[in-house]
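>>> Just the structure for this:
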Amino acid sequence: YSVLPFTDHVPVSALGCLAYSLTALVAIMPVLVNDDSDDVNNRIALLVLTTGLGTFSAFLMSLLFGFLHQSCLYCLASASLSLTLAATAWCGGALPQQPTEHRVAALQGSAYSFLATTVTSL
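I've put the predicted structure just below:
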């Protein structure tokens, strides 16, 4: 397996595990907290995380198929899960509808996540 360039013993897949774990924690947080208040910040965080996961997975798939000319069942499953999470977040109601400033914050956060993931991928 590959290790992160700035460490000697941390596999690259640990970053994916951390990202999936953080996304799961953010998704389950409203249930654990059991708070009746509005969950707009949680929705924005979930939208940003899943956008980053989907973007990075699309980049990795382009590397896998475009440059390495390989296939990997685990990689395809992971990318499918990431893209499904992103599509579900975008189409399933994670984007706040009201008020407008929360919607703008969600769109800005997702755009920053997309740009940051794209820039670090290059």
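
>>> Quick check: Pro96 vs Leu15, distance?
Distance, Pro96 to Leu15, using CB to CB, to the nearest Å: 28 Å. From N, CA and C alone the C-beta is placed, and that goes for glycine too.

>>> Can you check which helix is longest in this protein?
Ranked by number of residues, the top helix in the chain under DSSP state H is helix 40-66.

>>> picking that back up, Pro96 and Leu15 - which one has more neighbours?
Pro96 (21 against 12; other CB atoms under 10 Å).

>>> ok, now how distant is that one from Ser82?
22 Å.

>>> Ala19 now?
Distance, Ala19 to Ser82, by CB to CB: 8 Å.

>>> Comparing the two, which shows the higher neighbour count?
The neighbour comparison of Ala19 against Ser82 (other CB under 10 Å) goes to Ser82, with 25 against 17.

>>> check contacts around that one.
Counting by CB atoms under 8 Å, 6 or more residues apart in numbering, Ser82 makes contact with 50, 53-54, 56-57.

>>> picking up where we left off before, find residues that contact each of Ala19 and Ser82.
Joint contacts of Ala19 and Ser82 (CB under 8 Å, 6+ apart) are Leu53.

>>> could you list every residue that touches His69?
Contacts for His69 (CB under 8 Å, 6+ apart) come out as none.

>>> Can I take it that it is in a helix?
No - counting by DSSP: H, G, I helix; E, B strand; the rest coil, His69 falls outside a helix, being coil.

>>> How many residues are close by the closest residue to Leu83 other than its chain neighbours?
Of all residues not flanking Leu83 in the chain, Gly54 sits nearest, at 4.9 Å (CB to CB, 6 or more residues apart in numbering). Look at Gly54: counted by other CB under 10 Å, it has 24 neighbours.

>>> Thought Thr88 was touching Gly54, still the case?
No - under the criterion of CB atoms under 8 Å, Gly54 is not in contact with Thr88, lying 10.1 Å apart.

>>> do you know how far the residue nearest to Leu83 is from Leu64?
Applying CB to CB to Gly54 and Leu64 gives a distance of 15 Å.
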